[in-house]
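Engineer: Here is a sequence with its predicted model. Questions after.
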Number of protein chains: 2
Amino acid sequence: MLSEDGAMNIVLFEACEVEAGGSLSMDDERANHVVKVLRRGVGDTFDAGMIDGPKGKARVLGISDEGIELGFEWGVEEPELLAIDLIVGLSRPQTMRKILNEATTLGVRSIRFVVTDRGEPSYAGSKLWSTGEWRRHVVAGVAQAFTTRMPEVSWGMSLEEAMEAVGDVSERLCLDNYEGLMRLGEVRGGARTLPVALTIGSERGWTCRERDLFRARGWTLVGMGERVLRTETAVVAAVSVVREALEF
Amino acid sequence: MLSEDGAMNIVLFEACEVEAGGSLSMDDERANHVVKVLRRGVGDTFDAGMIDGPKGKARVLGISDEGIELGFEWGVEEPELLAIDLIVGLSRPQTMRKILNEATTLGVRSIRFVVTDRGEPSYAGSKLWSTGEWRRHVVAGVAQAFTTRMPEVSWGMSLEEAMEAVGDVSERLCLDNYEGLMRLGEVRGGARTLPVALTIGSERGWTCRERDLFRARGWTLVGMGERVLRTETAVVAAVSVVREALEF
């Protein structure tokens, strides 16, 4: 199934759903996916995962008008997420939806959406958050990546709070098209044993106050060239470069 | 203006429009952008570019119900595009729209959408191509990047034809999640004086026949880790890594 959020390469279940025995109502998007897209019948299996748990196989035990009954056979736990802590300026909800999905697919372990000087703080009050919709995009990103682990997601703290929250890291990188001292690709891991923190601003960039804050706290301002990227493109680009340059 | 294709960071004009004297009908999306979004009045200027030509300023000389009259003042030519030749398997039109936009924003100089064994050849006959819609996504990608140069775009040739068409390059890289010999980020430019060719498959990956073809013709199969990415995410990720690793 190809939704806006990508393919459901694995059907994910909450731990409580698995404990409850594994049935899906026909109203559930996943039941539709199993029956209509994967075309599984009674006795057939498909790739399944327990959120933040193992991957394995689900077998269709029964299908009725109400829903499908499943049995599970679990394998080993999935590898840890990449030790990349992402901080992004609060952005338009449509942008944040894409970032939630794509940064999750790429495997970062945390995403913090922060208030920035030039961002719009009201985006912290978006329905994306209050309705819990955000989690759907994260689950879709996990399923796209064919794995089970969910990154930690938070929103609405100040940039300063997020900078403190990342803790001990081997690199503190902040993307800045204007005052980057070096290219992001020039950052080399070497004996990297700690996580990497990566900050990407809101659409309108950083203020002098924020740049001073980064410099005072040991962050390196890095660039990715002159071309102006959308925030969501910059997130995918920067996380991908960090994944490769720092040997994740 | 923030469309699905991103921000219109510069208002782009065809050379023939500039030669014709610079007027925009009020039905034109760009006139609306200048008047309603940028809120320019008579005498005001805004960033303008001539497609494949210089950047500069446009000045509003007059506004009527029919449209706006403009005068131009051109600066220097824009830098060349990055010497990255991208080959992508024909994909669903929605995926190709995103690739046209985002690969253009990132600055590749050519994009070839090719027939692959596991792709759907009918996507070469999509209305995206026959109506000329594809060009709109490319122009939007150029405007997002705040520049003027258009990549060469073509579609429907075979993988073999596209492999031959890239000509002399210093690296021939093909993304392959399964049989990649090294990580994409391990490819290092060194004395790179020639373009880099980068191939990304259709959603369902390569066949053995295609892998043999790549190997026989001196292409290196490279990976970006275990996580399964959507085609459009893989394009942004791989182009970004090549931009940084090969020092564009």
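Structural biologist: Arrived safely, thanks for sending.
Engineer: which residues touch the residue nearest the centre of chain A?
Structural biologist: With distances taken as C-alpha atoms, centre = their mean, the residue of chain A nearest its centroid is residue A:104 (2.1 Å). Residues near residue A:104 by C-beta atoms under 8 Å, 6 or more residues apart in numbering or on different chains: A:111, A:137-138, A:141-142, A:145, A:150-151. (Glycine included, C-beta is placed from N, CA and C.)
Engineer: and which of these is nearest chain B?
Structural biologist: Lowest distance from chain B to the contacts of residue A:104 (C-beta to the nearest C-beta) belongs to residue A:145, with 4.1 Å.
Engineer: I'd like to know how far the residue nearest to that closest one when sequence neighbours are not counted sits from residue A:45.
Structural biologist: Of all residues not flanking residue A:145 in the chain, residue B:227 sits nearest, at 4.1 Å (C-beta to C-beta, 6 or more residues apart in numbering or on different chains). Here the distance between residue B:227 and residue A:45 works out to 23 Å (C-beta to C-beta, to the nearest Å).
Engineer: same deal with residue A:115?
Structural biologist: Taking C-beta to C-beta as the criterion, residue A:115 is separated from residue A:45 by 46 Å.
Engineer: Settle it for me: which of the two has more neighbours?
Structural biologist: Per other C-beta atoms under 10 Å in any protein chain shown, whichever of residue A:115 and residue A:45 has more neighbours is residue A:115, with 21 against 16.
Engineer: tell me which parts of chain A are close to chain B?
Structural biologist: Selection of chain A residues close to chain B by C-beta under 8 Å from any C-beta of the partner chain yields A:2, A:6-7, A:9, A:79, A:92, A:102, A:105-107, A:144-147, A:183-186, A:203, A:224-230, A:233, A:236-238, A:240-241, A:243-245, A:247-248.
Engineer: hmm, 6 Å instead?
Structural biologist: Proximity of chain A to chain B (C-beta under 6 Å from any C-beta of the partner chain) is limited to residues A:6, A:9, A:102, A:107, A:145-146, A:184-185, A:227-228, A:230, A:233, A:236-237, A:240-241, A:244-245.
Engineer: Could you tell me which of those belong to strands?
Structural biologist: Applying DSSP state E to the residues of chain A next to chain B, the entries found in strands are residue A:6.
Engineer: centre of the chain versus the helix or strand in which residue A:30 is found, how much separation?
Structural biologist: Taking DSSP states H and E as the definition, residue A:30 sits inside helix A:29-32. In terms of C-alpha atoms, centre = their mean, to the nearest Å, the centre of helix A:29-32 is set 22 Å apart from its chain centre.
Engineer: could the contacts of residue A:104 go into a markdown table alongside distance to residue A:196, secondary structure and neighbour count?
Structural biologist: Formatted as a markdown table, the entries for these read as follows, by distance: C-beta to C-beta, whole Å; DSSP: H, G, I helix; E, B strand; the rest coil; neighbours: other C-beta atoms under 10 Å in any protein chain shown:
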| residue | distance to residue A:196 | secondary structure | neighbour count |
| --- | --- | --- | --- |
| A:111 | 14 | strand | 23 |
| A:137 | 23 | helix | 22 |
| A:138 | 20 | helix | 21 |
| A:141 | 19 | helix | 28 |
| A:142 | 21 | helix | 27 |
| A:145 | 19 | coil | 25 |
| A:150 | 19 | coil | 17 |
| A:151 | 14 | coil | 21 |
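Engineer: Just send these back as JSON lines, with pLDDT too.
Structural biologist: As requested, the contacts of residue A:104 are arranged in JSON lines below (pLDDT from 0 to 100):
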{"residue": "A:111", "pLDDT": "98"}
{"residue": "A:137", "pLDDT": "97"}
{"residue": "A:138", "pLDDT": "98"}
{"residue": "A:141", "pLDDT": "97"}
{"residue": "A:142", "pLDDT": "98"}
{"residue": "A:145", "pLDDT": "96"}
{"residue": "A:150", "pLDDT": "98"}
{"residue": "A:151", "pLDDT": "98"}
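Engineer: Pick out the most distant pair among those.
Structural biologist: A:111 and A:145 (14.3 Å; C-beta to C-beta).
Engineer: Can you show me the strands along chain A?
Structural biologist: Along chain A, the stretches classed as strands by DSSP E are A:2-3, A:6-7, A:11-13, A:23-25, A:45-50, A:54-63, A:67-77, A:82-89, A:108-115, A:152-158, A:171-175, A:182-183, A:196-200, A:220-223.
Engineer: ranking those strands by burial, who's on top?
Structural biologist: Sort the strands of chain A by mean neighbour count, taking mean count of other C-beta atoms under 10 Å in any protein chain shown, and strand A:196-200 sits at the top with a mean of 26.
Engineer: Who are the packing partners of that one?
Structural biologist: Helices and strands touching strand A:196-200, by 3 or more C-beta pairs under 6 Å, 6 or more residues apart in numbering or on different chains; DSSP states H and E, are strand A:82-89, strand A:171-175, helix A:231-245.
Engineer: Format the CA atom coordinates belonging to that strand as PDB.
Structural biologist: Listed in PDB are the C-alpha atoms of strand A:196-200, where the atom choice follows Å, rounded to 0.1, in the frame of the first residue of the first chain:
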ATOM      1  CA  VAL A 196      25.800  13.200  17.200                       C
ATOM      2  CA  ALA A 197      23.400  16.100  17.600                       C
ATOM      3  CA  LEU A 198      22.200  17.900  14.500                       C
ATOM      4  CA  THR A 199      20.100  21.100  14.400                       C
ATOM      5  CA  ILE A 200      18.200  22.400  11.400                       C
END
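Engineer: Run the angle between that strand and strand A:108-115 for me.
Structural biologist: Comparing the axes of strand A:196-200 and strand A:108-115 via axes from the mean of the first three to the mean of the last three C-alpha atoms, to 10 degrees yields an angle of 40 degrees.
Engineer: any low-confidence regions in chain A?
Structural biologist: For chain A, the stretches flagged by pLDDT under 70 are A:1-4, A:189-193, A:247-248.
Engineer: can you rerun that using 90?
Structural biologist: Across chain A, the stretches falling below the confidence threshold (pLDDT under 90) are A:1-8, A:21-22, A:167-170, A:177-181, A:185-195, A:202-204, A:244-248.
Engineer: Residues contacting stretch A:123-130, please?
Structural biologist: Taking contacts as C-beta atoms under 6 Å, 6 or more residues apart in numbering or on different chains, the residues outside stretch A:123-130 that touch it are A:90, A:93, A:134, A:155-156.
Engineer: out of those residues, who's nearest chain B?
Structural biologist: Taking C-beta to the nearest C-beta as the measure, chain B sits nearest to residue A:93 out of the contacts of stretch A:123-130, at 11.8 Å.
Engineer: Could you break chain A into its assigned domains?
Structural biologist: Chain A breaks down into these structural domains: A:2-77, A:82-245 (assignment by automatic domain parsing).
Engineer: Make JSON lines out of those and add distance to residue B:213.
Structural biologist: Rendered in JSON lines, the data for those read as follows (distance: least, C-beta to C-beta, whole Å):
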{"stretch": "domain A:2-77", "distance to residue B:213": "26"}
{"stretch": "domain A:82-245", "distance to residue B:213": "25"}
